[in-house]
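> need a structure here:
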Amino acid sequence: MELIGGRRWLTEHASAEARDDYARFDGRRQDFRALTKTYRDRLDALYKSDASDEQKRSAKAQLMSELRAQYQAMKTQRWGGFSGYDAWFAHANNASLGVLSAYNELVPDFERLFERQGRDFPRFYAEVKRLAALPTKDERRKALASAGE
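Here you go, the predicted structure:
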């Protein structure tokens, strides 16, 4: 909802400067998501590999080190030193990568659902409430995915 509501507010009420500020913010957020997804996918492949536990631990440490180095390079080269994600990267681990993945994978489905509800917030909220009442996570995910089709 932050994405949809934010875009709507910016279009209808914000100054050109505010829209430019948001575009920079959103660009950094997209960079962050792309970087973290790349490394989450690499870690997932590692965990599914036939490597020994010791090899996996060592490779994980290397990947996490690479992730932090990539972030530092991005921060310096693309973001002009913006440090808003420093704390996240300082404590990044499997759990934090997993939470990001779970959240980000559902955003496109919710955006499609909003469109399908005619970009009408009350209708959208009612449909989300209906989906939330489904008995299992699998049913909710399947219904959300198909609701946007």
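
> how close does the residue nearest the centre of the chain sit to K37?
Computing the C-alpha centroid of the chain and ranking residues by C-alpha atoms, centre = their mean puts N104 first, at 3.3 Å. Separation of N104 from K37 (C-beta to C-beta, to the nearest Å) stands at 7 Å. Glycine gets a C-beta too; all of them are placed from N, C-alpha and C.

> over to F25?
Counting by C-beta to C-beta - F25 and K37 are separated by 19 Å.

> one more: I4?
I4 is 21 Å from K37, by C-beta to C-beta.

> same question, L10
To K37, L10 is 25 Å away according to C-beta to C-beta.

> D120 now?
For D120, the distance to K37 - C-beta to C-beta - is 31 Å.

> higher neighbour count, those two?
A direct count of neighbours by other C-beta atoms under 10 Å for D120 and K37 places K37 higher, at 15 against 11.

> could you check which helix or strand contains that one?
Using DSSP states H and E, K37 sits in helix 16-48.

> please identify the buried residues of that helix?
Residues of helix 16-48 classed as buried by neighbour count (16 or more other C-beta atoms under 10 Å): R28, D31, F32, L35, T36, Y39, R40, L43, L46.

> again, but for stretch 6-19
Applying a neighbour-count criterion of 16+ other C-beta under 10 Å, one finds L10 buried in stretch 6-19.

> contacts for that stretch next, please.
Y22 (C-beta atoms under 8 Å, 6 or more residues apart in numbering).

> can you give me the end-to-end span of that stretch?
End-to-end distance for stretch 6-19, by C-alpha to C-alpha, to the nearest Å: 10 Å.

> quick one: distance of that stretch to the chain centre.
Distance, stretch centre to chain centre, for stretch 6-19: 22 Å (C-alpha atoms, centre = their mean, to the nearest Å).

> for the host helix or strand of Q55, packing partners?
In this assignment (DSSP H and E), Q55 forms part of helix 53-77. Contacts defined by 3 or more C-beta pairs under 8 Å, 6 or more residues apart in numbering; DSSP states H and E place helix 53-77 against helix 16-48, helix 86-90.
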